[in-house]
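Colleague: Pasting the sequence and the predicted model now:
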Amino acid sequence: MNDEMSEIFSRRMKLGGVATAPVKRVITATAAECAALAALFGLPGIAALEGEFVVSHERGGVLLADLKLSASVTQICVVTLEPFDTKITEATKLRFVPAAKLRDAEPLVLDAETLDGPDEIPYGGDTIDLGAVLAEQLALALDPYPRKPGATLPEGFGEEEASGPMAALLAFKKPGI
């Protein structure tokens, strides 16, 4: 996890507070924290950022969390280059794992099942930083190519006239591909 995010937006939760029953924590970023995160993410602004965590114990120091993220951000449209406001809402599952257990684990083999599972976040000590996790999840939820509603590319943009030895193959191209 990014240490810079922890410095900007930190909300620590003691692990001892999570026993047999799930614990709910709602955290909200202040205006100053939103401004600092916007600068970090290269955004014109973040008007609001809130996360609702429901944290429960799995076993062996592993914690599970359901996160409901909501944010209001200002992004720059990749088509018009104008700023526009958008709302982001996302629900995700997280798994907080002691850092020592992740280091001792077998090498990660990515498959469809691994990708569908919850994000694993290492932690050390007796706290987890829900603020930094929320900021990181917002960064992941941001559209890398944001488009203002209604913005379209000019007709013909990106179409190049075919030339060269492969141009003859375009005649065999199936419609819609």
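Modeller: Received it, and whenever you're ready, just let me know what you need. Residues are numbered from 1 along each chain as shown.
Colleague: okay, CA-based contacts and neighbour counts for the rest of this
Modeller: OK.
Colleague: In three-state terms, label the residue most central in space within the chain for me.
Modeller: By C-alpha atoms, centre = their mean, the chain has its centre lying nearest to L140, at 2.1 Å. In three-state terms, and counting by DSSP: H, G, I helix; E, B strand; the rest coil, L140 is helix.
Colleague: Poorly predicted segments of the chain, please.
Modeller: 1-2, 102-117, 156-168, 170-171, 173-177 (pLDDT under 70).
Colleague: how about the helices of it, start to end?
Modeller: 3-8, 31-41, 99-104, 112-116, 130-141 (DSSP state H).
Colleague: The first one: which residues count as buried?
Modeller: To tie it back to what came earlier, the one meant is helix 3-8. By neighbour count with 16 or more other C-alpha atoms under 10 Å, helix 3-8 contains the buried residues M5, S6, I8.
Colleague: With distance to C77 added, can I get the residues you listed in a markdown table?
Modeller: Listed next are the buried residues of helix 3-8 as a markdown table, based on distance: C-alpha to C-alpha, whole Å:
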| residue | distance to C77 |
| --- | --- |
| M5 | 25 |
| S6 | 28 |
| I8 | 26 |
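Colleague: if we take these, which one ends up nearest to G131?
Modeller: Checking the buried residues of helix 3-8 against G131 with C-alpha to C-alpha, the nearest one is S6 at 7.0 Å.
Colleague: That closest one contacts G131, doesn't it?
Modeller: Yes: counting by C-alpha atoms under 8 Å, G131 is a contact partner of S6 at 7.0 Å.
Colleague: Regarding the protein, what is its longest strand?
Modeller: strand 83-98 (DSSP state E).
Colleague: which residues touch L142?
Modeller: For L142, the contact set (C-alpha atoms under 8 Å, 6 or more residues apart in numbering) comprises I88.
Colleague: Now it: phi and psi?
Modeller: The phi and psi values for L142, taken as degrees, to the nearest 10, are phi -70, psi 140.
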